[in-house]
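1. Sequence and predicted model, in that order:
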Amino acid sequence: MIKLIEIPCQVCNGKNIKIIKKSKKSYNEISEFDLDDIYKASSSSFDYDQIVKCNTCSFVFINPRLPKNLIEKFYSQGEDINFSSQNTERIKTFEKSILKLQKKIGINFQSLNCLDVGSASGAFLKACNNLKINCKGIEPNIEMVAFAKKEYQVDIKQGFLNSSSFDEKFDIIFFWDVLEHVYDLPHTLEIISGYLKKGGYLIVNYPCYSSKIAKILGNKWPFWLSVHLSYFEKTTLNRLLLNHNLEYIIEYSHIQSLKLNYIFQRICKIFPFFKFLNILFQNNLIKKLSFSYYIGQKLHVSKKK
């Protein structure tokens, strides 16, 4: 039997919470194999978790949740070939995002020492290499790290970030679609602050639950996921980061590009009635098409005081 863990708010440490989404199923109804599927990178599962909101600071998070050691086991050992198949589009998106970000904050990253936390299968690191940016990465998933090294020859380390992962400090630390996966936010941000040089930047890409598109889609918003342990919006993210000496600079919308066929497959998991269009996506020409979209992703920049 799986025992779920109750946690306090990770922003204000409060325990006065209210339920905003109830779980539909119990984790004790499924096997460990099914758990592995839920916690893969391309998972679309969200039936087993309850979402709560802190009545003190309005932070939104999954509570109760699976034990940390169990979640981290699946993060490390899961395999997800389908996720890595979209890296060509991700690399293009990252290159555009980096160039836009440099203009926004007026800094050339080529002269800086950068770290990418939660590098997945290396798409962001490859984009950095293409743009002549010195960036190291760390990723817990064994299979994805092996893929990144073989396919892109990037500088990536396997494991979870801790205070002894690196023996250097960084000018910029990136969290691309990762912070919402972090189990212990205060501890992780304390480590991040320790690695970040004074005046250095923390770049966080995250899905904003208070965005207009998230409100329109409601329970069908695709970022309501079991793998997303925390749900951010600008105010609560700023407060969380300020707790660790990181001060807000700028935030703006992030546009993502993926293959149209991959997007369609994920849409069908949320809206099954669209499956009648499946025959269209058997066409090889349509399969190759890319599609850019925005469904609430934000790029948030803060600076170490």
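-> Thanks, I have the structure now. Residues are numbered from 1 along each chain as shown.
2. chain center to whichever strand or helix holds Glu95: distance?
-> Secondary structure from DSSP states H and E places Glu95 in helix 87-105. The chain centroid and the centroid of helix 87-105 are separated by 16 Å, computed with C-alpha atoms, centre = their mean, to the nearest Å.
3. Pull the residues that contact that helix.
-> Outside helix 87-105, the residues that touch it by C-beta atoms under 8 Å, 6 or more residues apart in numbering are 108-109, 121-124, 126-128, 130-131, 133, 151, 176, 201, 203, 205, 249-250, 252, 254-259, 290, 299, 301. C-beta: built from backbone N, CA, C; applies to glycine.
4. let's see 6 Å
-> Outside of helix 87-105, the residues within contact range by C-beta atoms under 6 Å, 6 or more residues apart in numbering are 109, 123-124, 126-127, 131, 256-259, 290.
5. what sits against the most centrally placed residue in the chain?
-> When C-alpha atoms, centre = their mean is applied to the chain, the residue found nearest the centroid is Asp177 (2.1 Å). Counting by C-beta under 6 Å, 6+ apart, Asp177 touches Asn205.
6. what's around Lys3, how many residues?
-> Lys3 has 9 neighbouring residues, counting by other C-beta atoms under 10 Å.
7. Spatially nearest residue to it, not counting backbone neighbours?
-> In this structure, Lys3 finds its nearest non-sequential neighbour in Pro67, 7.3 Å apart by C-beta to C-beta, 6 or more residues apart in numbering.
8. burial count for the one you found?
-> Residues near Pro67, counting by other C-beta under 10 Å: 14.
9. How about the backbone phi and psi for it?
-> phi -60, psi 150 (degrees, to the nearest 10).
10. hang on, the earlier thing: and the helix holding Glu95, which residues are buried?
-> Residues 87, 89-95, 97-98, 101 are the ones in helix 87-105 that count as buried (16 or more other C-beta atoms under 10 Å).
11. and if you look at stretch 212-229?
-> In stretch 212-229, counting by 16+ other C-beta under 10 Å, buried: 214, 217, 221-229.
12. just stretch 64-75 next, same as before
-> Going by 16+ other C-beta under 10 Å, stretch 64-75 has these buried residues: 65-66, 70-71, 73-75.
13. roughly how far apart are the residue nearest to Ile30 when sequence neighbours are not counted and Leu131?
-> Nearest residue to Ile30, sequence neighbours excluded (C-beta to C-beta, 6+ apart): Tyr48, at 7.5 Å. In this view, Tyr48 and Leu131 are 40 Å apart by C-beta to C-beta, to the nearest Å.
14. Which residue of those two possesses the greater neighbour count?
-> Tyr48 (22 against 15).
15. just checking, the more buried one is part of a helix?
-> No. With DSSP: H, G, I helix; E, B strand; the rest coil as the criterion, Tyr48 is located in coil rather than a helix.
16. contacting residues around stretch 208-224?
-> 46, 207, 231, 233, 270, 295-296, 298.
17. Just put the residues you listed in CSV and tack on distance to Lys15 and pLDDT.
-> Below are the contacts of stretch 208-224 laid out as CSV (distance: C-beta to C-beta, whole Å; pLDDT from 0 to 100):
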residue, distance to Lys15, pLDDT
Phe46, 24, 78
Pro207, 26, 96
Tyr231, 18, 97
Glu233, 21, 97
Ile270, 33, 69
Ile295, 32, 89
Gly296, 28, 94
Lys298, 28, 97
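18. In JSON lines: the residues you listed, plus secondary structure.
-> Shown next, in JSON lines, are the contacts of stretch 208-224 (three-state DSSP):
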{"residue": "Phe46", "secondary structure": "coil"}
{"residue": "Pro207", "secondary structure": "strand"}
{"residue": "Tyr231", "secondary structure": "strand"}
{"residue": "Glu233", "secondary structure": "coil"}
{"residue": "Ile270", "secondary structure": "helix"}
{"residue": "Ile295", "secondary structure": "coil"}
{"residue": "Gly296", "secondary structure": "coil"}
{"residue": "Lys298", "secondary structure": "strand"}
